[in-house]
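Peer 1: sharing a sequence plus its predicted fold:
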Amino acid sequence: MSPRAFVSIFATVVITAGSALSVHAQAQPPQTVELDAATIAVRAEAAQRLVPLLKDVRNRATGRYNVQTGGAPNSPITGQQSTLFSVTVGKRDSVVAPEVLAAMDELMKWRAGDRSSPKEAALFDAWLEELSRKATALQLATTGGACDTGCVVKTMTELNTTWGESPRTRAELRDQALLEALTEAVKARK
């Protein structure tokens, strides 16, 4: 058998096998994943602790202006802080997609942890998965460990040095991470 004939026969077999596998893969219906009672309880507790954080995220996301405490450098004369108060006002630089705001509203109206609402539960699970990725990345950068659901909740609810050195910006950074994770979850749901 010539090498050209062998390549031709081999290519035909590979293409036929590939198309048979893709037809078989397409014909299978999606499988549901059954969660055990312990996993459901952990996710319900996570939902009860994480979903309320969306209220501040929504307030930040829908405001036209960003107002926060400001900072001023130390006085060049005294070497100390001489400003009585300082406020920074800036125009919001990004607009949150309406479908993300709608998803945020769905989760805030949802009775956190209620598995009888499959649409909201699936949205929460997708959001939790994205939050898990973000929390794991933060933990790997600081402590070097992976993150389970309890770690995700702890990372997202405690505003410690994981979110930066400045206590003034920690809430904003956390809220941005929550929003980004929800945006990714909504994109994946489409």
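Peer 2: Received, thanks.
Peer 1: so Leu182, which state does it fall into?
Peer 2: helix (DSSP: H, G, I helix; E, B strand; the rest coil).
Peer 1: how much space separates it from Ala122?
Peer 2: From Leu182 across to Ala122, the span is 13 Å (C-beta to C-beta, to the nearest Å). (C-beta placed from N, C-alpha, C; glycine too.)
Peer 1: more crowded one of the two?
Peer 2: When neighbours are counted by other C-beta atoms under 10 Å, Leu182 and Ala122 differ, and Leu182 comes out ahead with 25 against 13.
Peer 1: now do the contacts for the more buried one.
Peer 2: Leu54, Val57, Val100, Ala103, Met104, Leu107, Trp127, Glu130 (C-beta atoms under 8 Å, 6 or more residues apart in numbering).
Peer 1: name the SS class of Gln48, please.
Peer 2: With three-state DSSP as the criterion, Gln48 reads helix.
Peer 1: count residues in the vicinity of it, would you?
Peer 2: That count, for Gln48 with other C-beta under 10 Å as the rule, works out to 13.
Peer 1: just give the nearest non-adjacent residue to it, would you?
Peer 2: Excluding the flanking residues, the one nearest Gln48 by C-beta to C-beta, 6 or more residues apart in numbering is Ala112, at 4.4 Å.
Peer 1: where does this protein dip in pLDDT?
Peer 2: 1-35, 64-72, 82-94 (pLDDT under 70).
Peer 1: quick one, strands of the chain?
Peer 2: Counting by DSSP state E, the chain has strands at residues 65-69, 87-91.
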